[in-house]
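# Pasting the sequence and the predicted model now:
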Amino acid sequence: MILPEDYISHPVRSLQTMLHVLSTIFPALLNVNPDGIYGESTKKAVAAFQRFAHLPATGIAETETWNALAGCYLRHAPSVLPPEPLRIVLQPGQTIAPGERNLHVYLVQAMLQALGQCYANASPPAVTGVLDAPTQRAVRSLQALFGHEQTGAMDHRFWAYLARLYTLSAGDGAQSASSASPAASYLL
């Protein structure tokens with residue numbers, strides 16, 4: 001599916017795409033083809049949205065209508081659009097040190113919790129957002145497994161390894177966790 005941000009510098013297509021997506025959620029809205037032409041069908045779709053949003057139904061997408069449409073799209077489109085892949089990468093040279101509080105540590109700890117469901121010998125830490133002693137032990141265990149210095153700190157190499165191990169063990173969402181690679185159980 002094409003998203004409004006795919007049409008940077010093409011505001012009519014962005015408008016039409018938002019109207020198109022919202023029409024799949026709200027039957028009162030009219031579907032419009034994102035063709036980039038502000039023709040009669042777009043004018044009718046804008047007027048239908050304006051009525052829906054309790055704005056004057058002029059069919060003209062002035063600033064108030066655009067802002068209302070964009071706000072409605074941002075609130076509701078995630079319920080029908082395909083999910084975005086999570087692309088978190090620790091940069092070379094970036095390290096999360098022992099004792100540090102970092103939002104990414106929540107994800108690491110959650111992945112370690114999930115891996116604890118896959119491997120009997122895993123000792124997952126609590127999810128705290130802090131690279132605390134139990135998390136450091138789990139990190140050192142994985143660092144030893146893939147032959148790296150056992151610092152207990154998280155860097156980009158550790159993150160890449162953990163993300164791959166998680167996907168191998170738990171799946172990528174396209175498959176159920178129970179159908180993830182059986183070979184993964186031999187890694188830990």
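Now that the structure is in, tell me what you want to look at.
# And the strands in this structure?
Counting by DSSP state E, the chain forms strands over residues 95-96, 154-155, given from the N-terminal end onward.
# Packed most tightly, which of these would that be?
Between these, strand 154-155 has the highest mean count of neighbours, a mean of 22, where neighbours are mean count of other CB atoms under 10 Å. C-beta: built from backbone N, CA, C; applies to glycine.
# for it, what is the average pLDDT?
Averaging pLDDT along strand 154-155 yields 88.
# do stretch 22-41 as well
Predicted confidence along stretch 22-41 averages 95 (mean pLDDT).
# got it, and stretch 125-132?
Per-region confidence: stretch 125-132 scores 95 on mean pLDDT.
# Could I have the CA atoms of the worst-scoring helix or strand of the chain on mean pLDDT written out in PDB?
Least confident helix or strand of the chain, by mean pLDDT, DSSP states H and E, is helix 156-170 with a mean of 86. Taking Å, rounded to 0.1, in the frame of the first residue of the first chain, the C-alpha atoms of helix 156-170 are listed here in PDB:
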ATOM      1  CA  HIS A 156      26.000  -2.900  17.900                       C
ATOM      2  CA  ARG A 157      27.500  -6.400  17.500                       C
ATOM      3  CA  PHE A 158      25.600  -7.700  20.500                       C
ATOM      4  CA  TRP A 159      22.400  -6.100  19.300                       C
ATOM      5  CA  ALA A 160      22.800  -7.700  15.800                       C
ATOM      6  CA  TYR A 161      23.500 -11.100  17.300                       C
ATOM      7  CA  LEU A 162      20.600 -10.900  19.800                       C
ATOM      8  CA  ALA A 163      18.100  -9.700  17.100                       C
ATOM      9  CA  ARG A 164      19.100 -12.600  14.800                       C
ATOM     10  CA  LEU A 165      18.900 -15.100  17.600                       C
ATOM     11  CA  TYR A 166      15.500 -13.800  18.600                       C
ATOM     12  CA  THR A 167      14.200 -14.000  15.000                       C
ATOM     13  CA  LEU A 168      15.700 -17.500  14.500                       C
ATOM     14  CA  SER A 169      14.200 -18.700  17.800                       C
ATOM     15  CA  ALA A 170      10.900 -16.900  18.100                       C
END
